[in-house]
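1. Take a look and give me a structure for this.
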Amino acid sequence: MGAAALALAACAQEAPEADEHAAPAETEMSEGEAAGASQSASEKLAAVLEAQSDDTKARYQYRHPKETLEFLGVKPGMTVVDALPGEPGWWAPILVDYLGADGKLIGADYSMEMWPLFEGFATAEFLEKRQSWTDSYQAAASALGGEDSASVGAFVFGSAPAELAGTVDVVFMNRAAHHFNRLEGGRFFTEALADIDMVLKPGGIVGVVQHRAPEDAPDDWANGDNGYVKQSQIIAVFENAGFELLDMSEVNANPKDQPTTDDFVWRLPPTLATSRDHEADEAQAELREQMLAIGETDRMTLKFRKPE
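-> The predicted structure is shown next:
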């Protein structure tokens, strides 16, 4: 199974009448009210995270959901797009409850023209199932929450529905940019960025969490085929598409992950692709322990904004 295959195996306030897609007008709020609202959102997020399954909580030490969502400014009541979430994926159980009844969670998948390029993984059966992904995602994510959970939608990149134009507060692209980068060919990443720009409100946020290649790594190794992409490359792609880099965080950094050109992302947890025979092979058992000691990948965490 190739590196790309392993990746997948592991794997709103009313708008003014003059402009239906304009960002909602801000209301005056005292410092005390603002602090109270922020504390309330933080407390809700903490409670939602505490209510997750043990398997989900086991990844907190690597994925830092509280710090990541707060860094990106995600709050209850927002409309959030989760890029390449899965069915429904790791983040959906958190977001659907945290966004709440006034919020909306929208999954966004790779296009049906892009999926066949995942050689060795995208079988005819897989592609057939992917045809109905929007329906299956919505059903799975909707079943996660209770009465006060967010509504759920879905679309595929390259064909975002026009009714979403200017309605989204945050697009969260989590460990999805490497496939866009390696398979771009002048099209797929470009189409996705155009959709992101279209659905975001003016001033809306794009959050990117991505496996990070060393800046001195060879470009042909760090193009995404091995899961790693240079931070400078991702910044350039988004800035060239018209987005503004607002901030960077090291909250998802892992200095223990020092990949060489012999490495790929999926050697590390949770996939542990190079040590799957650890129960029968002593060398692989030792390698597995080494990979577990490193933990999940070193990741960039970037915050972009669509210009007002």
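2. Validate this expectation: V208 resides in a helix.
-> No. Using DSSP: H, G, I helix; E, B strand; the rest coil, the assignment for V208 is strand, not a helix.
3. name the element the residue lying closest to it once chain neighbours are set aside belongs to?
-> Nearest residue to V208, sequence neighbours excluded (CB to CB, 6 or more residues apart in numbering): L302, at 4.4 Å. Placement of C-beta: from N, CA and C, glycine included. Counting by DSSP states H and E, the element that carries L302 is strand 299-305.
4. Quick check: neighbours of that strand in the sheet, parallel or antiparallel?
-> Next to strand 299-305 in the sheet, as set by DSSP bridges, lie strand 200-213 (antiparallel), strand 244-249 (antiparallel).
5. Pull the distance from it to the chain's centre.
-> Relative to its parent chain, strand 299-305 has a centroid offset of 11 Å by CA atoms, centre = their mean, to the nearest Å.
6. Can you show me the strands along this protein?
-> Along the chain, the segments classed as strands by DSSP state E run 79-83, 104-109, 151-156, 168-174, 200-213, 229-230, 244-249, 299-305.
7. do you know which of the ones you listed lies nearest T260?
-> T260 sits nearest to strand 200-213 of all the strands of the chain, at 10.6 Å, using CB to CB.
8. Now do that closest one against strand 168-174: the angle between them, please.
-> 10 degrees (axes from the mean of the first three to the mean of the last three CA atoms, to 10 degrees).
9. tell me which residues of strand 200-213 are tucked away?
-> Buried residues in strand 200-213, counted by 16 or more other CB atoms under 10 Å: L200, K201, G204, I205, V206, G207, V208, V209, Q210, H211, R212, A213.
10. try stretch 84-101
-> Neighbour-count burial for stretch 84-101, counted by 16+ other CB under 10 Å, picks out 84-86, 88-100.
11. what do you get for stretch 233-253?
-> Q233, I234, I235, V237, F238, A241, F243, L245, S249, N252.
12. Mind putting the residues you listed into CSV with distance to R59?
-> Below are the buried residues of stretch 233-253 laid out as CSV (distance: CB to CB, whole Å):
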residue, distance to R59
Q233, 26
I234, 22
I235, 26
V237, 27
F238, 26
A241, 30
F243, 28
L245, 27
S249, 18
N252, 11
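13. one step back: biggest separation within the buried residues of strand 200-213, which pair?
-> The span of the buried residues of strand 200-213, defined through CB to CB, is set by K201 and A213 at 31.8 Å.
14. low-confidence ranges in the chain?
-> In the predicted model, the chain carries pLDDT under 70 at residues 1-39, 186.
15. for the residue most central in space within the chain, which residues make a bridge with it?
-> Central residue of the chain (CA atoms, centre = their mean): N174, 2.1 Å from the mean position. Per DSSP bridges, the residues bridged to N174 are V209.
16. out of everything not next to it in sequence, what's closest to D169?
-> M78 (4.0 Å).
17. Tell me how far that neighbour lies from E67.
-> 17 Å (CB to CB, to the nearest Å).
18. which one of those two has more residues nearby?
-> M78 (23 against 14; other CB atoms under 10 Å).
19. which ones are touching that one?
-> With contact set as CB atoms under 8 Å, 6 or more residues apart in numbering, M78 has these partners: A12, L99, G103, K104, D169, V170.
20. ok, now A194?
-> A241.
21. Report the separation between it and R187.
-> For A194, the distance to R187 - CB to CB - is 10 Å.
22. which of the buried residues of strand 200-213 lies closest to A160?
-> L200 (10.6 Å).
23. No further questions, thank you.
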